[in-house]
Each structure stands twice: as C-alpha cells, then as structure tokens.
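In: Here is my input; please provide its structure:
(3 chains)
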Amino acid sequence: MVKKKGYLLAINYIVRQGRTYASLLIKGKRSVKLYYQYDPYFLVDAPSSEIGKLSKIAVEKDGRVVRPLAIEQTERTVNLEKKKFLKVLCHSPADVPVLKHAIPYPAFEFDIPFAKRFIFDFQLTPNGLMRYERQGRLITKILSCEPATPNLRALAFDIETYNPLGTPRPKKDPILMISYANSKSGVITYKKCSNKNTEIVANEKELIERFCEIVREADPDILFGYNSGNFDLPYLLERAKIIGAKLDFGKTKINLTRKGMIGGASLSDRIHVDLYPIIRLFGFIGVLKISDFTLDTVANEILGRGKVSISRENIWQSWDSGNIEDVVSYSLVDAQLTMEIGKLYLPLELELSSITKQQLFDTTLSTSGQLVENLLMFHSVARNELIPTKPVGETIDERIANPIQGAFVKLPQPGIYENIAVLDFRSLYPSIIVSFNIDPSSLVKGKRQAECHQSPTGAMFLKKPKALVPAVLEELIDFRAKLKKQLKTLDKGSGEFKILNARVQAIKILANSFYGYIAYARSRWYCRECGESVTAWGRKYIQETMEKAEKAGFTVLYGDTDSIMLVYKKKEDVLDFMEKINKELPEKMELELEGFYPRGVFVSKKSEEKGAKKKYALLGEDGKIKIRGFELVRRDWSPIAKETQYKVLEAILKKGSEQNAIAIVRDAIERLRKGNVKMEELAIVTQLNKDPRGGYEVISPELAAAKKLLARGVPLEKGSLVSYVIGKSGSSISEKAVPLEVAKDYDADYYINNQVLPAVMKILKELGYDEHQLKGFGKQKSLDSFFG
DNA sequence: GCGAGCAGCGTACCT
DNA sequence: ACAGGTACGCTGCTCGCG
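Out: Just a heads-up that it's a prediction; the model follows:
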C-alpha cells in the first residue's frame, strides 16, 4: 500500500468480470491511469420489505441476464423531509436503465452518468489534487481531492483537407497537411514546399503517423483544436481507418467517441479541448459580439490579429497546382491561433470545471444549463438531498407552452437628452434568489407569514433553512467577490491578472445562468412559481426605484430589467439618490452607478409615434458612443446603411451638427446612385436557423440566396451564414437577392430607400425633422430627392 | 385583376 | 437545448374596389 497524490484530470469507467471500475487519469510526475472499484446504482421508492423480492429480479437483455448486484436501504431528504429509499446496486452502468424498467416502483437518480455519480459521491474536484492509496493499478482508498491549479502541457493542431466540392468528404478526400503548435510549431505535408518549419513525408499514411509521433513526443495533457470535435478528430479517425494508418496518440490506443448534442470527441489518455463550443457559448450569452465564429474572426476579435487570408474553398486548387506555400502558412497560423485562444480560455474552462465539478472535457461541451445542473447535482449530493429527475415529453411541452412573465421595460420618450445617468442593480436576479431563499423546496403553502418571504405573486418562501439553489448561488457570489478583491491587488496585464480575471468571468457566467436554469423547461429544478417570483420581485424593485427617482426630481428616461436611465442636474444628486435607495434595499441587493453620459438619443418606432424600446445611443464622457439595438449593431443590415447610421449618430452626439449629418446621408446616396459602392458594403448577412432544403414556410431573401448557393453546389445547412446583395433583376426582394460571391450589380433604389434612409431617418427625426415636417418633403419616394 | 392592409414568419437584438 | 421582451423586414394572404 502506497500513499500517493496527483491531479485528477479525467474519469471514465470499465467493467471487468461483472464489476464496475472508475478509471481515473491522474497526473503526478507523469500521467497514469488507475482504477477504483465502485458500483453504479439507482434508487427506488419501495418499502424495505421488498428487498428480498427485488433482489431476485432477472431480466434478459441482448442475450444475457441482468440482475441487481445487491439492494440496500438508504435515505434522502426530499422537500426538507427525510425519506427512505432502496438503493439498487448494479454490475455495470448499462444495467441501470434495464433494471429501472424491470422494477415496478418509482425510480430516481437513474439518469446520472457513472463518471458524474462517482465525482458526486466522493465529492471530488476535477483537476484538483487527489490524495489516495494504491496497490498496483488499483486505488484502494481515496483520501481527498481539493481544488488546485495543475500545470498542464498543451498542443494545438489543425488539419487541411482536399476539398474539390467545397466541403471535404472523408471517404474520398485526403488530409493534405497537419499543423501543430506549442513552444515549437510546424507543418507536416507530403508535397514539396519551401516554407521553413515544414516537414515533408511520403504520403497521407505517413502524415498521420508522423503527427501521432509528434503528439507522443510532446506528450501534452491537453490537445487543443478549433471545431476539432466535429471536424478534425472524426476526420482523422475516418481517414486513418480507410488508408490503414495507425492513429496512436499515446500509451493506450486512441478512443474517439461522439457525445451529446454538441458534437465532440474524447481521447482516452489526454484531454481534448475543442475551443469552438466555448466561443459559441460566449456568442450566445452575448459576451462576445462577432458576426461569425470562424477561427479568423474570433482570432481577430480576441487576439487583435488575423491570419493569412486565403479562402478555404481554394485549398484543393493550390494543392493541385503544386504551390502550397500559402496553404502551409495558413495552416500553421491556424494552429498557432488555436494555441493562443486555448491559452486565453483554458483558465476559464478549468474554473468552470472545478466549480461545477465536471471533468474538463465535459465542461468544454457543456451549455450553461448543464453547468448549473451539474453544480446543483454535486451540492444536492453533499446535502443528501434527492436529485430531481430530468423532465421528459409532455412535461417539457407544457412548460414551453406556458412561459413565465419576464422583465419590465419602460417606454422611452424619443428625443435627444443631456446629462444622463445610468444606474443598475448588481446581479439583480441572483441577488433576489439569495435574498428571498427562492428554491423549489422552500416554496410552501399555508405557512405563517412571519416564517416566509412573500413574493409579489403571493408565493411564499420559507426564510429558513437556506435551500440548495440560494445556498449554492450565495457561495458562488461570495467566492467571486473574494476573487475580485484579489484581482484589485494585481497588475493589469500580468499573467496572474488574466487568469484570475478569467476565473471571475467564469463565475459570473454561472451565477447569471441560475434564473434561466430554474425557468428552463428541461431543468431538473424547474419551478414555475420560483421563476415567476424572481421576475415579479425584479419588476417591483425597478418600478419602485423609478417612482422614487421621479419623486426625487429626476426625469426617468428609460429602464430595462435591471437598469434605470435618468436625467440629472448635478452628479451629486444621483449619488445621494443611490445611497438612499441602497439603504432601503435588502442586504444582498445593490443599485450601482454604471456611468454618466453627457448626451444620448432615443428614437421612435418605425410605424408609430411611440418610443422604441431597446434602441438608444449614449455618448460617454470618454467620447465613446454606447449603441444598443440600432441597425448598425445588427449583422443583417448592409455595411453601407450601418456606416451611414454610425456617422449620423456621431455627428449628432459629438458635434451636434445636423448639417453635417445631412451631408453624410447625401454623400452615401450619391455614391449608391453613381454605382460605385463595393459589393462587400452592400452585403446583408443572415443566419439560416432551419435547413434551407425545406423547413421554411415562406421564401425570404436569405432563403432565396441560399437556394441559389445550393444550386451551385455550395453546401449550406441549418446554422450557415448567408451573405447576399439585392441585385437589379427580379420583382420581389427575394428574387433580387443574389449571393455575395456571385453578385455583379445592385439595386440602388433598394439600398437608398430600404437600407440607408430608414436607418438614418429615425435619428434625424429627433433633430426636428419630425414626422410632420418630413411629410412636407413628400412620401418615401421623394425623401431621397430631398437628400439628393 | 390589383393594390392596400395586415398577420405571421423569421432574425437579431437587449438585459 | 438558460429566460422573456422587443423591433422590424418581407412574404403571402384577404379584402374591397373597379
């Protein structure tokens, strides 16, 4: 028996002689795979008198007989009360669903994958430092596993493939080169090439095998890729199989599996970290604002530098022509950028992983809902509370069909204003959940009012004991506050700061996802009354604060969910007001100053006199303009319209010059009329959220353009982005929509009347060119003659 | 048969 | 496949008119 320690990098399982073993990838001086015997199980709500009968259950499944390994008594807390269950221990994880169906009692905790169950039951922290006792390859005792920051080696890679049809077909199109990057980077290929850092091998088979050799030599803990779970790794696997290459990344044979909704691929003795999913998640929750998620765009946005620009479609032509120098440098830069993005995002992924108690690989493929779910499951086990079952079928449909009322948005009065203060509630929903102990288990009926918080909907939440959701959330918020304090002591720009900052960001993402998870139709902890109460309290606080601001003499311009914009005379008044409000708020809640803005503009809706919500521009004290909702922040408007709108906003907010603004519009119209606007400036980018080969009810312009691309053999599917220009030929806009790649001309009238003018008129209106005056210039048609 | 008006689809945004 | 609230363009239908 030897006492050991090492970082717990990954958990899987194997079944040997009818018993299940957790397989743990542990990094000490070197990485080892060790095993721990642990039986999978699930719970049933049956009396203990049934143990004998249930033990004898035997069901045939795929030619073998499945029996319980053993049945034990156990106890869990359900809605604050202790309840007895039977624990059905199984020979293998695969037996769990079989026995669950065979036992005629309500079953629980049968939908938790073995590796997760193992982490929960032993309260392990993935990537943490584990102390254990071992005997050969068997772990005999797990002593502890606490959060830690392992120093992990990484290697990034990227493959380029032959692609005469645009999208490569793994059955036919070979891999042409593989690039890699860590401290040292290079490209392997099998055609002559003069670039340095290029290694020439004989053929595709040697290419794959040489790459594996490089991976084994570098011996990374982590293999970084970009969309590698969906593309590079499955492609490598398939090509290796077809041409008979040995795909061997390490000590054990490669083990590629696809998992989950998000395509992924896992390795058996290294951690594959595909960076694409986290980037998409950041896009989805609005942390990253980019037009598309190609490595190019992402690198440009977050690293501030792009890569050699060649078009992917032409890789095969370069290959055929024998001039592969450009493709080789492109490929190398891809691997290097992937490495850079990996360095930037690994601390965040590691933090998400150790906080939500999911192994790193699972974390990279998790949606924010899964992160919260896993975190709650872990703490549910810690509190010995029964983990609720995932909903299915009609339960989900019913929840979706009955949405919960959301936030309050104030209708703004259109106009140009000076001296605007923006205040917002810090983490409004999380602070409400914590302040009022909002949780399915603390929701009670008929309790005495003194023991409860009563929400504006009438729902009652016990003040004590502190329930799972608020307890976990509070811990998260407090931990984040602690890290933020540490952050202030560090030098911005230092490596330490960047890592800590990423950790702070990770926790924020998590904390902000809790409300969404409670109100999520597929949530284990879904609770309609809880969700309704959170938003109702939110509406109450924002509306009351607005009323108090009005009473204090401010003009409240606008507010959305947790923010309030008001016009002030003295900054001091704003600070006094905030202080007064904060004294009245519950302890966990706080109204913060977001900033002061010298000038701002709110516009009216397109077809009504009323103000438009979620659309405004504020000029900051630093001269920066904060723009929300306008066409210019939308990717489905043409650059010419967006640029013109920006310049008009700038002219008005910064210079206060309407003459200047008019001149800008006039100039844009003139350029459009003369026909010397580049196609790129006219491109409208739209994402297809359904399959373009069916599934749509009406033929929209983007769909028409997509169909034209499909006809040319360009592969498009659900999720693809289509860039198109409105051309001259055709009657409807859809008929006129031509893919950017083939667009030759454009409809100047369309761009003037349907793009540039609508975008700028709503702003010019606020300069006194109001509806009535505009009518003096005639209808839409002659508007451009006024400008022209 | 035709244009106006409108509902519904679809997308992208805000917090 | 975390929530709901919102604006708005375009298609394709209905309806009244001639």
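In: Okay, buried residues for stretch A:127-145 please.
Out: A:127-130, A:132, A:134, A:139, A:142, A:145 (16 or more other C-beta atoms under 10 Å). (Each C-beta comes from the backbone N, C-alpha and C, glycine too.)
In: If we only consider these, which is nearest to residue A:767?
Out: Distance ranking of those against residue A:767, using C-beta to C-beta, places residue A:127 first at 56.8 Å.
In: Please tell me I have it right and residue A:468 contacts residue A:376.
Out: Yes. In this structure, residue A:468 is within contact of residue A:376 by C-beta atoms under 8 Å, at 6.4 Å.
In: Close to DNA strand B: what parts of chain A are there?
Out: A:286, A:289, A:407, A:424, A:560-563, A:614, A:627-629, A:633-636, A:685-690, A:696-698, A:700, A:702, A:721 (C-beta under 7 Å from any atom of the strand).
In: Which members of those residues additionally contact DNA strand C?
Out: Okay, of the residues of chain A next to DNA strand B touching DNA strand C (C-beta under 7 Å from any atom of the strand), that's A:407, A:561, A:614, A:629, A:698, A:700.
In: Now tabulate those in TSV and tack on pLDDT.
Out: What follows is those, written out as TSV (pLDDT from 0 to 100):
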residue	pLDDT
A:407	97
A:561	97
A:614	97
A:629	95
A:698	87
A:700	92
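In: Pull the most distant pair out of the residues you listed.
Out: Top of the distance list for those (C-beta to C-beta): A:561 and A:698, 32.2 Å.
In: ok, the two, which is more surrounded?
Out: Each of residue A:561 and residue A:698 has its neighbours counted (other C-beta atoms under 10 Å); residue A:561 has more, 16 against 6.
In: what residues are up against residue A:428?
Out: Residue A:428 is in contact with A:538, A:541-542, A:561-562, A:589, counting by C-beta atoms under 8 Å, 6 or more residues apart in numbering.
In: Filter these down to the ones in helices?
Out: A:538, A:541-542 (DSSP state H).
In: give me the number of residues near residue A:98?
Out: Using other C-beta under 10 Å, residue A:98 has 18 neighbouring residues.
In: sorry, that was for residue A:521
Out: Using other C-beta under 10 Å, residue A:521 is surrounded by 15 other residues.
In: That one and residue A:403 touch, don't they?
Out: No. Residue A:521 is beyond contact range of residue A:403, at 9.3 Å (criterion: C-beta under 8 Å).
In: ok so, going back, make a PyMOL selection of whichever of the residues of chain A next to DNA strand B turn out to be buried.
Out: Typed into PyMOL, the line below selects the buried ones among those, using 16+ other C-beta under 10 Å:
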select buried, chain A and resi 424+560+561+562+563+627+635+685+686+688+696+702+721
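In: Report the secondary structure state of residue A:199.
Out: strand (DSSP: H, G, I helix; E, B strand; the rest coil).
In: you'd agree residue A:616 is up against residue A:597?
Out: No. Using C-beta under 8 Å, residue A:616 is not in contact with residue A:597, being 10.0 Å away.
In: Quick check: residue A:224 vs residue A:236, distance?
Out: Using C-beta to C-beta, to the nearest Å, residue A:224 is found at 15 Å from residue A:236.
In: burial of residue A:752, as a residue count?
Out: Neighbours of residue A:752 under the rule other C-beta under 10 Å: 24.
In: Relative to residue A:724, how far out is it?
Out: 18 Å.
In: Now for the contacts of residue A:428: which two are most distant?
Out: Across the contacts of residue A:428, the longest distance by C-beta to C-beta is 14.1 Å; it joins A:561 and A:589.
In: How about residue A:533: what's its closest non-neighbour residue?
Out: residue A:455 (3.5 Å; C-beta to C-beta, 6 or more residues apart in numbering).
In: Got the phi and psi for that neighbour?
Out: phi -80, psi 160 (degrees, to the nearest 10).
In: Can you name the residues that contact it?
Out: A:436, A:438, A:461, A:532-533, A:536-537.
In: Please report which of these has the highest neighbour count.
Out: residue A:438 (29 neighbours).
In: Mind pulling up the pLDDT for it?
Out: Residue A:438 carries a pLDDT value of 98.
In: can you list the residues of the stretch 651-788 of chain A near DNA strand C?
Out: Counting by C-beta under 7 Å from any atom of the strand, the stretch 651-788 of chain A comes close to DNA strand C at A:698-701, A:704, A:732-735, A:750, A:754, A:758, A:762.
In: where does residue A:553 fall, helix, sheet strand or coil?
Out: Under three-state DSSP, residue A:553 falls in the coil class.
In: so how far is residue A:94 from it?
Out: The gap separating residue A:553 from residue A:94 is 69 Å, by C-beta to C-beta.
In: These two - which one has more neighbours?
Out: Counted by other C-beta under 10 Å, residue A:553 and residue A:94 do not tie: residue A:94 has more neighbours, with 15 against 11.
In: For the residue nearest the centre of chain A, pull up the helix or strand it's in.
Out: The residue lying closest to the centre of chain A (C-alpha atoms, centre = their mean) is residue A:281, at 1.3 Å. Using DSSP states H and E, residue A:281 sits within helix A:276-285.
In: so where is the stretch 401-550 of chain A shaky, pLDDT-wise?
Out: Along the stretch 401-550 of chain A, no part satisfies pLDDT under 70.
In: what does chain A give?
Out: Along chain A, segments meeting pLDDT under 70 span A:251-263, A:305-309, A:769-788.
In: Identify, by residue count, the longest helix of it.
Out: With secondary structure taken from DSSP H, chain A has its longest helix at helix A:325-356.
In: contacting residues around the residue in the stretch 301-450 of chain A positioned nearest to DNA strand C?
Out: Closest approach between the stretch 301-450 of chain A and DNA strand C, counting by C-beta to the nearest atom of the strand: residue A:406, at 2.4 Å. Listed by C-beta under 8 Å, 6+ apart, the contact set of residue A:406 reads residue A:535.
In: Give the helix, strand or coil label for it.
Out: The three-state assignment at residue A:406 reads coil, by three-state DSSP.
In: Show me how chain A divides into domains.
Out: A:2-146, A:154-355, A:391-466+A:523-613, A:630-786 (automatic domain parsing).
In: Please, which helix or strand holds the residue of chain A found nearest DNA strand C?
Out: Closest to DNA strand C within chain A is residue A:516: 1.8 Å, counting by C-beta to the nearest atom of the strand. Applying DSSP H and E as the criterion places residue A:516 in helix A:495-518.
In: now swap in residue A:698 and tell me
Out: Assigned by DSSP H and E, residue A:698 belongs to no helix or strand.
In: Quick check: it vs residue A:723, distance?
Out: Here the criterion is C-beta to C-beta. By it, residue A:698 lies 20 Å from residue A:723.
In: again with residue A:149
Out: If you measure residue A:149 against residue A:723 using C-beta to C-beta, the figure is 43 Å.
In: does the closest residue to residue A:140 other than its chain neighbours have beta-bridge partners, and which?
Out: Using C-beta to C-beta, 6+ apart and skipping residues adjacent in sequence, the residue nearest residue A:140 is residue A:133, 4.9 Å away. Applying DSSP bridges to residue A:133 yields these beta-bridge partners: residue A:3, residue A:141.
In: Quick check: residue A:133 touching residue A:36?
Out: No. Contact criterion C-beta under 8 Å: residue A:133 and residue A:36 do not qualify, at 10.6 Å.
In: before we move on, back to that, could I get the residues of the stretch 651-788 of chain A next to DNA strand C in JSON lines, plus columns for secondary structure?
Out: Shown next, in JSON lines, are those (three-state DSSP):
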{"residue": "A:698", "secondary structure": "coil"}
{"residue": "A:699", "secondary structure": "coil"}
{"residue": "A:700", "secondary structure": "coil"}
{"residue": "A:701", "secondary structure": "helix"}
{"residue": "A:704", "secondary structure": "helix"}
{"residue": "A:732", "secondary structure": "coil"}
{"residue": "A:733", "secondary structure": "helix"}
{"residue": "A:734", "secondary structure": "helix"}
{"residue": "A:735", "secondary structure": "helix"}
{"residue": "A:750", "secondary structure": "helix"}
{"residue": "A:754", "secondary structure": "helix"}
{"residue": "A:758", "secondary structure": "helix"}
{"residue": "A:762", "secondary structure": "helix"}
